[in-house]
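1. Turn this into a structure:
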Amino acid sequence: MSLASGANVSLGGRTGAAGNIKRSGAQSRITFDVWTVLAFLYPLSQLAVFNIVGQLYLMDLLALPLLATFLTLPDAMERLRRIVPVLTLIGVWLLGQVITDLVRETSPGDFLRGWAKIVFFALQLATLWLWLPRRRAYFAAFAIGLGVAAMYSVPPEFVGYEWKFGYDRALIYITLGGLFFLSLALPRLLYLAPVVLLVLSFFLLLQSARSAFGVLFIAAVVVAAALVFSQFIRWRQRLSAGLFAGLFLGGILVATGATTIYGAAVENGLLGREALVKYRDQTSGEVPLLLGGRTESLVATQAIIDSPVIGHGSWARDARYVALHHAIKVRLGLPIFDAEQGKRDLIPTHSHLFGAWVEAGIAGGIFWLWTLSIPIFALFYLLKRQELLAPLVAYCAVAMLWSVLFNPFGSTERFFVAFQLALLLWTVRAGGRSITLFAPVREALRSRKDRDRV
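-> Below you'll find the predicted structure:
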């Protein structure tokens, strides 16, 4: 049993950029090997949970033998060197968490869970990076497996809200992974991807999955733009950092339009009474809809200001910030529905970025701030070449930007983020580009030189 050869990786590089989707023979064959099947099965192992140092998943434990297996491959060290900056910053994040917990004298039960969360996230990323980029089919199969796992892992407390806390991801990942395999046999099917994503986004809107709707809506626009650029070689060659920045700002306007669409649909009763009540609750105060649904960020910001360098510790606990969250909602005129009021003491964060900064201090913040650049550059390179995985790349890029800023990094989230990072790093790396801490400056200069030569 052996992994696909490194030659498959070149499909996403310069050769692939010059080719045409409909005539690329290497991309029009559906071939499976044992590792494709394992790529589907591996994320399903997260459904088995063990109470060891908090909650550990079988997928965490399987990462160790898998990583050991991949490290025996002759190109393993060379591949890992390509993402040294990412792994280094995760190490800095872990160091910051350890120092913080020692200073704060965090209880062993909390700091062991906090350290394990970071360590197992790094293990997942290294494992997936040595595995999935070898064939596009591995990415697609893994995405389908993630989707199936999401369908069967909705937490009990979210029963009744499955489309917001599991079914939305299940539908998206299964559809996008399946779309890749169908596009291998019918390449022109890829041109229907924007329509498929738009249909899914509005379906999720009808299920009151507001965030999933917005992310998928923007991803549909990105895929449409990528398909348009793929038809004009000179457009791809002349795509500069400035033009991309303009397109990115346009995407923000699209996001604003998507929010407006949602508000109009709710106010007109198209999404039912429950959605209308929740929408009016979150917009009844003195804050916009986005902040009304993420008031934890106001508390997290204050916690960071209070201790910006050294964090508050793993599973940071301080009842003062819980009380502050309550007071902020009262001051802004937002409704308060908290069955756990008076029982919880965890500092509210609701964000990968804020959560890491509050717990580990500036070291955690630096990692996630830098990570925000990866989806942006992945989208930039996606517009510069033809790519059968374009729908999956576009969705993961937009979803990661949203999650880093607005979703908590807990439970099985590390599996999704590790997959998204592996896919987006592969997108940036295609064609031999390097992942460095100063990639934005270097790539902007490179784009300018390329434009001058055209």
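2. need the helices for the stretch 351-454 of the chain, in chain order.
-> Assignment of helices within the stretch 351-454 of the chain using DSSP state H, counting those that start in this stretch yields the ranges 352-360, 362-371, 373-382, 390-406, 413-429, 439-453.
3. Can you list the buried residues in the fifth one?
-> Neighbour counts over helix 413-429 (16 or more other Cβ atoms under 10 Å) mark 414-429 as buried. For the C-beta atoms, the positions are set from N, CA and C on the backbone; glycine is no exception.
4. and what of the fourth one?
-> Under the neighbour-count criterion of 16+ other Cβ under 10 Å, helix 390-406 has 390-406 buried.
5. same for it, what does it pack against?
-> Using 3 or more Cβ pairs under 8 Å, 6 or more residues apart in numbering; DSSP states H and E as the contact definition, the elements that helix 390-406 packs against are helix 136-151, helix 167-185, helix 193-206, helix 210-230, helix 352-360, helix 362-371, helix 373-382, helix 413-429.
6. most packed of the ones you listed?
-> Of all the helices and strands packed on helix 390-406, helix 352-360 carries the top mean neighbour count, a mean of 28, counting by mean count of other Cβ atoms under 10 Å.
7. Please compute how far that one lies from its chain's middle.
-> Once both centres are worked out by Cα atoms, centre = their mean, to the nearest Å, helix 352-360 turns out to sit 16 Å from its chain's centre.
8. Next, the angle helix 413-429 makes with that helix.
-> Following axes from the mean of the first three to the mean of the last three Cα atoms, to 10 degrees, one obtains 120 degrees for the angle between helix 352-360 and helix 413-429.
9. I'd like to check the angle between helix 352-360 and helix 390-406, please.
-> Taking the same axes, to 10 degrees, one finds that helix 352-360 is oriented at 40 degrees with respect to helix 390-406.
10. As PDB, could you dump the C-alpha coordinates of helix 352-360?
-> The C-alpha atoms that make up helix 352-360 are tabulated as PDB, following Å, rounded to 0.1, in the frame of the first residue of the first chain:
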ATOM      1  CA  HIS A 352     -10.500  31.500  17.400                       C
ATOM      2  CA  LEU A 353      -8.500  34.700  17.600                       C
ATOM      3  CA  PHE A 354     -10.000  36.200  20.800                       C
ATOM      4  CA  GLY A 355     -10.200  32.800  22.500                       C
ATOM      5  CA  ALA A 356      -6.500  32.000  21.900                       C
ATOM      6  CA  TRP A 357      -5.400  35.600  22.900                       C
ATOM      7  CA  VAL A 358      -7.500  35.500  26.100                       C
ATOM      8  CA  GLU A 359      -6.200  32.100  27.100                       C
ATOM      9  CA  ALA A 360      -2.500  32.200  25.900                       C
END
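11. that older thread, can you redo the helices and strands packed on helix 390-406 as JSON lines with mean pLDDT and distance to residue 40?
-> As requested, those are exported to JSON lines (pLDDT from 0 to 100; distance: least, Cβ to Cβ, whole Å):
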{"stretch": "helix 136-151", "mean pLDDT": "96", "distance to residue 40": "4"}
{"stretch": "helix 167-185", "mean pLDDT": "94", "distance to residue 40": "9"}
{"stretch": "helix 193-206", "mean pLDDT": "89", "distance to residue 40": "21"}
{"stretch": "helix 210-230", "mean pLDDT": "85", "distance to residue 40": "22"}
{"stretch": "helix 352-360", "mean pLDDT": "95", "distance to residue 40": "26"}
{"stretch": "helix 362-371", "mean pLDDT": "96", "distance to residue 40": "26"}
{"stretch": "helix 373-382", "mean pLDDT": "90", "distance to residue 40": "23"}
{"stretch": "helix 413-429", "mean pLDDT": "94", "distance to residue 40": "13"}
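12. what helices or strands is the helix or strand hosting residue 103 leaning on?
-> With secondary structure defined by DSSP states H and E, residue 103 is part of helix 84-104. Contacts of helix 84-104 with other secondary structure elements, assessed using 3+ Cβ pairs under 8 Å, 6+ apart, are made with helix 108-131, helix 352-360, helix 362-371.
13. in that helix, what counts as buried?
-> When burial is assessed from 16+ other Cβ under 10 Å, helix 84-104 yields the following buried residues: 86, 89-90, 92-94, 96-101, 104.
14. ok, longest helix in this structure?
-> Once the chain is assigned using DSSP state H, the helix that runs over the most residues is helix 241-267.
15. pLDDT of it, averaged?
-> Confidence for helix 241-267, expressed as mean pLDDT, is 72.
16. and the angle from that helix to helix 210-230?
-> Using the same axes, to 10 degrees, helix 241-267 lies at 140 degrees relative to helix 210-230.
17. What is helix 241-267 packed up against?
-> Counting by 3+ Cβ pairs under 8 Å, 6+ apart, the elements that helix 241-267 packs against turn out to be helix 193-206, helix 210-230, helix 272-283, helix 289-292, helix 373-382, helix 439-453.
18. Show me how far that helix is from its chain's centre.
-> Distance, stretch centre to chain centre, for helix 241-267: 19 Å (Cα atoms, centre = their mean).
19. start at 42 instead
-> Sure thing, new numbering starts at 42, so read that last one as helix 282-308.
20. Enumerate every residue touching the spatially most central residue of the chain.
-> What sits nearest the mean C-alpha location of the chain, by Cα atoms, centre = their mean, is residue 441, with 2.8 Å. Residue 441 sits next to 412, 415-416, 458, 461-462, 465 when contact means Cβ atoms under 8 Å, 6 or more residues apart in numbering.
21. that older thread, the helices of the stretch 392-495 of the chain: which one's closest to residue 265?
-> Proximity of the helices of the stretch 392-495 of the chain to residue 265 was assessed by Cβ to Cβ; the nearest stretch is helix 431-447, lying at 9.4 Å.
22. Report the mean per-residue pLDDT for the closest one.
-> 94.
23. got the CA coordinates for it in CSV?
-> Written as CSV, here are the backbone C-alpha positions of helix 431-447 (Å, rounded to 0.1, in the frame of the first residue of the first chain):
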residue,chain,number,x,y,z
ALA,A,431,-12.0,25.7,-6.8
PRO,A,432,-15.5,25.4,-5.1
LEU,A,433,-14.0,23.6,-2.0
VAL,A,434,-11.0,26.0,-1.8
ALA,A,435,-13.3,29.1,-2.1
TYR,A,436,-15.7,27.8,0.6
CYS,A,437,-12.9,26.8,3.0
ALA,A,438,-11.1,30.2,2.5
VAL,A,439,-14.2,32.2,3.3
ALA,A,440,-15.3,29.9,6.1
MET,A,441,-11.9,30.1,7.7
LEU,A,442,-11.9,33.9,7.7
TRP,A,443,-15.3,33.8,9.4
SER,A,444,-14.4,31.2,11.9
VAL,A,445,-11.1,32.8,13.0
LEU,A,446,-13.0,36.0,13.8
PHE,A,447,-16.4,34.8,15.0
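24. Next, the angle helix 414-423 makes with that helix.
-> Using the same axes, to 10 degrees, the direction of helix 431-447 lies 160 degrees away from that of helix 414-423.
25. Pull the distance from helix 431-447 to the chain's centre.
-> When C-alpha coordinates are averaged (Cα atoms, centre = their mean), helix 431-447 and its chain have centres 5 Å apart.
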